[in-house]
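Asks: Pasting the sequence and the predicted model now:
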Amino acid sequence: MQISLFSVFLSAIGLTSALHNGLAATWNATNFQLECSPGGCAYRFNISAPPTDNAPGFDTFCEGLTPNATVCNDTTITASVSPLTNPLWNVKVQHEWHEEETDFDAEATYWQAGSTNVTDTNSTFLIKPNVFYGVA
Ligand SMILES: *[C@@H]1O[C@H](CO)[C@@H](O)[C@H](O)[C@H]1NC(C)=O
Ligand SMILES: *[C@@H]1O[C@H](CO)[C@@H](O)[C@H](O)[C@H]1NC(C)=O
Ligand SMILES: *[C@@H]1O[C@H](CO)[C@@H](O)[C@H](O)[C@H]1NC(C)=O
Ligand SMILES: *[C@@H]1O[C@H](CO)[C@@H](O)[C@H](O)[C@H]1NC(C)=O
Ligand SMILES: *[C@@H]1O[C@H](CO)[C@@H](O)[C@H](O)[C@H]1NC(C)=O
Ligand SMILES: *[C@@H]1O[C@H](CO)[C@@H](O)[C@H](O)[C@H]1NC(C)=O
């Protein structure tokens, strides 16, 4: 579904050469903290990425309760942290942004998403986005 939307979008507006799937920057998460109480687990971390040819950069702070997705301070970033087999947690991050495609008089929406598994001792880790798609 995601892939086919992306392909349709690419072929519809001929952007194939402007987008290089797989060349996304690696996202750098720092100061990851997880605090659990009987009511649930709260997480917070910073995450940043440099701008690349195919995605704007960001540098923001995310805070939420497991396992639901929460929008970070930079509202183009959404994060969720879900429990796996103890002591592992799955951290998912999505970046969504809009670009004017002036040649085509359309606004395109792009997403990149990635995830990794950490424990609460991993205060810094990297996420390599492995999903990249867009729709006009
Ligand atoms: C991630 O960010 C931290 C803090 O800014 C920095 O020390 C570290 O070198 C960065 N790692 C990568 C791979 O960019
Ligand atoms: C995120 O980065 C900001 C600015 O560098 C810093 O003030 C804040 O303490 C960091 N947040 C966490 C959870 O480390
Ligand atoms: C997570 O989302 C569900 C469904 O929206 C909601 O019922 C639940 O209270 C949320 N949990 C937390 C910890 O926010
Ligand atoms: C994130 O947003 C919250 C609420 O708007 C604010 O209190 C906090 O200082 C912001 N954190 C950072 C690191 O920008
Ligand atoms: C995280 O753990 C889950 C469940 O064990 C596994 O399916 C997934 O491949 C792992 N992801 C990564 C990035 O290692
Ligand atoms: C978390 O820390 C463990 C132990 O230091 C390390 O083996 C693992 O690669 C780290 N995970 C990530 C996602 O950086």
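Replies: Thanks, I have the structure now. Residues are numbered from 1 along each chain as shown. Ligands and ions are numbered 1, 2, ... in the order given.
Asks: Now do stretch 63-80: everything it contacts.
Replies: The set of residues external to stretch 63-80 that reach it, using Cβ atoms under 8 Å, 6 or more residues apart in numbering, is 40-45, 47, 56, 58-62, 81-83, 89, 91-97. Every C-beta, even on glycine, is put in place using the N, C-alpha and C of the backbone.
Asks: Might one say that residue 136 is in contact with residue 108?
Replies: Yes - between residue 136 and residue 108 there is a contact at 5.0 Å, judged by Cβ atoms under 8 Å.
Asks: ok, the closest residue to residue 78 other than its chain neighbours - contacts?
Replies: Nearest residue to residue 78, sequence neighbours excluded (Cβ to Cβ, 6 or more residues apart in numbering): residue 94, at 4.6 Å. Each residue near residue 94 by Cβ under 8 Å, 6+ apart is listed here: 69, 77-79, 111-113.
Asks: what's the answer for residue 58, then?
Replies: Going by Cβ under 8 Å, 6+ apart, residue 58 touches 47-49, 74, 76-77, 95.
Asks: Try it again at 7 Å.
Replies: Residue 58 sits next to 48-49, 74, 76-77, 95 when contact means Cβ atoms under 7 Å, 6 or more residues apart in numbering.
Asks: and those, which two are the farthest apart?
Replies: Pairwise distances among the contacts of residue 58 were taken by Cβ to Cβ; the largest, 12.6 Å, belongs to 48 and 76.
Asks: Quote the end-to-end distance of stretch 115-133.
Replies: The stretch stretch 115-133 measures 16 Å between its terminal residues, going by Cα to Cα, to the nearest Å.
Asks: check whether it contacts ligand 2.
Replies: No - applying Cβ under 6 Å from any ligand atom, one finds that stretch 115-133 is not in contact with ligand 2, the shortest distance being 8.8 Å.
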